[in-house]
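1. Model the structure of this input:
(2 chains)
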Protein chains: 2
Amino acid sequence: MPFEHGDRRDRVRAALAGLDADAVLVTRLVNVYYLTGFTGSNGALLILAGGGACLATDGRYRTQSAAQAPDVDRVIDRAVAGALAKRAVLAGVGRLAFEAHDVTVEQHGLLLAAAEPASLVSLGRVVEELRMVKDDVEVALLRAACAIADRALADVLPHIAPGRTERAVAAELEARMRAYGGDGAAFETICAAGPNSAVPHHRPTDRVIAAGDFVTLDFGARLAGYHSDMTRTVVVGRAADWQREIYPLVAAAQVAGRAALAVGADVQAVDAAARDMIVTAGYGEQFPHGLGHGVGLEIHEAPTLGTTATGVLAASVPVTVEPGVYLPGRGGVRIEDTLVVRPNGPELLTTAPRELREL
Amino acid sequence: MPFEHGDRRDRVRAALAGLDADAVLVTRLVNVYYLTGFTGSNGALLILAGGGACLATDGRYRTQSAAQAPDVDRVIDRAVAGALAKRAVLAGVGRLAFEAHDVTVEQHGLLLAAAEPASLVSLGRVVEELRMVKDDVEVALLRAACAIADRALADVLPHIAPGRTERAVAAELEARMRAYGGDGAAFETICAAGPNSAVPHHRPTDRVIAAGDFVTLDFGARLAGYHSDMTRTVVVGRAADWQREIYPLVAAAQVAGRAALAVGADVQAVDAAARDMIVTAGYGEQFPHGLGHGVGLEIHEAPTLGTTATGVLAASVPVTVEPGVYLPGRGGVRIEDTLVVRPNGPELLTTAPRELREL
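-> Reported below is the predicted structural model:
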């Protein structure tokens, strides 16, 4: 889609004016993809303020880069950033903006030498900020990725039973997502049973699911580079009293968090909408993470919904809402959806039921 | 395995003497895992030259980090590097070594402020260099990961036929690797058919496999953090003359490359052993990548076997050997194995047949 990529590069150029820079060197691969369509594992992009762009990659990607990014110049050189810095200097660039949140201290030393006599200035997260707001094609891909995850969950839930392992359930979820057209899992699928459900980022083990366990499934599908993200927690057998206390609390906090998603909403206020309910109920210490995060070409991207986050939400920004309460040694609950901020209230992309299920 | 992790941290301390530093701040997550066993997605490790170590992570990993790394101190703080820098200063550290190949320019600014009045010095790739040489448990995990990939390939090869898509074959390979106990794919499985096989890092598409296609499968299994890596290329139906020319060439070059793996061998000489044959045959331009790479906790790690690489091989270093010849628009061949450098000749971990198969 060269048209979109060219548009996106123009938006980066517009941001350049405020930096007093003549060109941008984009080194974060996901940003290079966003601005060109190139999917290789080694690449960088030079965008000249006055027009023109050049993609650098190595010989492995000669054919692929020409096919994926036909509308930019190309240079084939393994040292992609240095090669583009030299090219910038030849093009008369005096101030080159770079991604200081991506370039390492070691790479910076090499870049300074290659860019001589040009000076380097930080671009900041300009590309990440552009990426927050999704266009219709991006939202359509996210919606499809979420639908794949929803369908896979519906297939797998009836098979969660005593005797199965966390690992087997996670593998089945991933296989179903592929069967429905996903390119793979959006991240390593979490299936956490019993006390393991109190570990927010537990990795599936050979633990056998037992009656009375909370089972938390946190998973998503990847589709054409975009990621879905959802979590459901179920009880195997009849829920105990402590489970009947924390599940509805988390569910209600999740509803409150979703309801707070509005154009112009402060990201801390969205977090607080859910967190305040959990704190009031006396479980504030047991909710040790942020409420949610942006999702798109990365599973975690801007914006962050959290107690120390800053900024306000714009329309067409997809985010997750995922409060949790975790009781070490016993178990935990997390409920998560992916939604898109819209002027008339958020659009839910993940739709699996959220009431307490006793399997 | 606290015993190994403590040993590994002692080896880092031994390297510190040459740097005149009082402590090391390890920020690369894979290195933190190597030195502690902690698998979370946010963490850093402080190793004091005089003894003692402290792992930092955030609240999501409070329970998990205590279970995985019981033999180090812990601090729970989302800003892991800054928190440990402050702790280093309190411990009297005057010179703090950090991973300049991992810390970004932006993070470096924050780290300098947090470490005040201590100074920062580059640690270099000390941990990556330690990681090159694998112990017996690591090699056993790699061997098992390679066996899983071998078995999966044997299952899938008979199903490669006209009418199937690249994507379906790749999905079947990944499903078989899971069925045999793998934790997942070591990287995004490559299945490249026909002209796509001329793209070294092609991603599977809905392209339908046709008679006469070269089909290249490049894949591996992940097991307990370790990665296997192998490539086989087959012909669907009868091989054409051009296919009969380049396949044996690549196979012979691969044998030569494997034979060059020896303790003390220069990494450029290993690359040249295979490359020279391909250059002599007139296909040097069609082999645009290095011969191989180390493999372990990362799918690509030190050492590199390539035309500009430096260093010599040590015993117990696992590497891949993967020459290729790619003819744009027609197709390509790559043959790859994972081996371990041994005093009496390399140990092959991937064993699937390498002769030309016409399916």
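2. Residue A:171 falls within a strand, correct?
-> No. Counting by DSSP: H, G, I helix; E, B strand; the rest coil, residue A:171 is not found in a strand; it is helix.
3. chain center to the lowest-mean-pLDDT helix or strand in chain A, what's the gap?
-> Lowest on mean pLDDT, DSSP states H and E among the helices and strands of chain A sits helix A:2-16, with a mean of 89. Distance of helix A:2-16 from its chain centroid, counting by CA atoms, centre = their mean, to the nearest Å, is 22 Å.
4. what about residue A:245, distance to residue A:215?
-> Between residue A:245 and residue A:215 the computed distance is 18 Å (CB to CB, to the nearest Å). The C-beta positions use only the backbone N, C-alpha and C, and glycine is treated the same way.
5. again, but for residue A:94
-> Residue A:94 is 59 Å from residue A:215, by CB to CB.
6. Neighbour count: those two, which is higher?
-> Applying other CB atoms under 10 Å in any protein chain shown to residue A:94 and residue A:215 shows that residue A:215 carries more neighbours, namely 26 against 13.
7. confidence score at the more buried one?
-> You'll see residue A:215 listed with a pLDDT of 98.
8. Give the partner strands of the helix or strand harbouring it in its sheet and their orientations.
-> Assigned by DSSP states H and E, residue A:215 falls within strand A:214-219. Sheet pairing for strand A:214-219, assigned by DSSP bridges, gives strand A:190-193 (antiparallel), strand A:230-235 (antiparallel).
9. Let me know which of the ones you listed is tucked in deepest.
-> Across those, averaging neighbours per residue (mean count of other CB atoms under 10 Å in any protein chain shown) puts strand A:190-193 on top, at a mean of 26.
10. what does the average pLDDT come to for it?
-> On average, strand A:190-193 scores 97.
11. if we can go back for a sec, which residues are contacting whatever helix or strand comes next after the strand holding residue A:215?
-> Toward the C-terminus, strand A:214-219 is succeeded by strand A:221-223 as the next helix or strand (DSSP H and E). Outside strand A:221-223, the residues that touch it by CB atoms under 8 Å, 6 or more residues apart in numbering or on different chains are A:141, A:144-146, A:148-149, A:152, A:177, A:180-186, A:227-228.
12. Please apply the same query to stretch A:53-61.
-> Applying CB under 8 Å, 6+ apart, the external contacts of stretch A:53-61 come out as A:9, A:32, A:35-36, A:38, A:40, A:42-47, A:65, A:69, A:72-78, A:80-81, A:83-84, A:87, B:200-201, B:288-289.
13. Can you give the distance of that stretch from its chain's centre?
-> 26 Å.
14. Straight-line length of that stretch, end to end?
-> 18 Å (CA to CA, to the nearest Å).
15. what does the average pLDDT come to for that stretch?
-> 94.
16. Pull the contacting residues for the closest residue to residue A:261 other than its chain neighbours.
-> Leaving aside its sequence neighbours, residue A:261 sits nearest to residue A:346 (CB to CB, 6 or more residues apart in numbering or on different chains; 4.1 Å). Taking CB under 8 Å, 6+ apart, we find residue A:346 in contact with A:258, A:261-262, A:339-340.
17. same check, this time on residue A:186
-> Contacts of residue A:186 (CB under 8 Å, 6+ apart): A:145, A:219-222, A:227-229, A:299.
18. Same question for residue A:214.
-> A:193-194, A:197, A:233-235, A:243, A:331-333.
19. quick one: which of the residues you listed is nearest to chain B?
-> residue A:332 (9.7 Å; CB to the nearest CB).
20. Name the helix or strand for the closest one, please.
-> Assigned by DSSP H and E, residue A:332 belongs to strand A:331-334.
21. Name the residue of the stretch 251-359 of chain A with the shortest distance to chain B.
-> For the stretch 251-359 of chain A, CB to the nearest CB, closest residue to chain B: residue A:288, 2.9 Å.
22. can you give me the helices for the stretch 1-150 of chain A?
-> A:2-16, A:29-36, A:62-68, A:80-90, A:105-115, A:126-132, A:136-156 (DSSP state H, counting those that start in this stretch).
23. Which elements pack onto the first one?
-> Counting by 3 or more CB pairs under 8 Å, 6 or more residues apart in numbering or on different chains; DSSP states H and E, the packing neighbours recorded for helix A:2-16 are strand A:23-26, helix A:29-36, strand A:44-48, helix A:126-132.
24. Next to chain B, which bits of chain A? Give me the list.
-> Residues of chain A lying near chain B by CB under 8 Å from any CB of the partner chain: A:39-41, A:58-64, A:78, A:98, A:100-108, A:122, A:171, A:174-175, A:178, A:184-185, A:188, A:198-203, A:288-289, A:308, A:326, A:328.
25. Could you identify the buried members of those?
-> A:39-40, A:58-64, A:78, A:98, A:100-108, A:122, A:171, A:174-175, A:178, A:184-185, A:188, A:198-203, A:288-289, A:326 (16 or more other CB atoms under 10 Å in any protein chain shown).
26. Quick check: the residue of the stretch 51-200 of chain A found nearest chain B vs residue A:249, distance?
-> The stretch 51-200 of chain A approaches chain B most closely through residue A:59 (2.9 Å), counting by CB to the nearest CB. Separation of residue A:59 from residue A:249 (CB to CB): 57 Å.
27. And for residue A:286?
-> Counting by CB to CB, the gap from residue A:286 to residue A:249 is 10 Å.
28. cool, residue A:196 as well?
-> 20 Å.
29. Spell out which residues sit in contact with residue A:281, please.
-> residue A:249.
30. Distance of it relative to residue A:76?
-> 59 Å.
31. Per-residue pLDDT of the residue of chain A most remote from its centre, please?
-> Distance to the chain centre peaks in chain A at residue A:117, reaching 37.4 Å (criterion: CA atoms, centre = their mean). As predicted, residue A:117 sits at a pLDDT of 96.
32. show me the contacts for the residue nearest to it when sequence neighbours are not counted.
-> Spatial nearest neighbour of residue A:117, excluding adjacent residues (CB to CB, 6+ apart): residue A:89 at 7.3 Å. Residues in contact with residue A:89 (CB under 8 Å, 6+ apart) are A:115-118.
33. Would you confirm that residue A:75 contacts residue A:83?
-> Yes. The criterion here is CB atoms under 8 Å, and residue A:75 meets it with residue A:83 at 5.3 Å.
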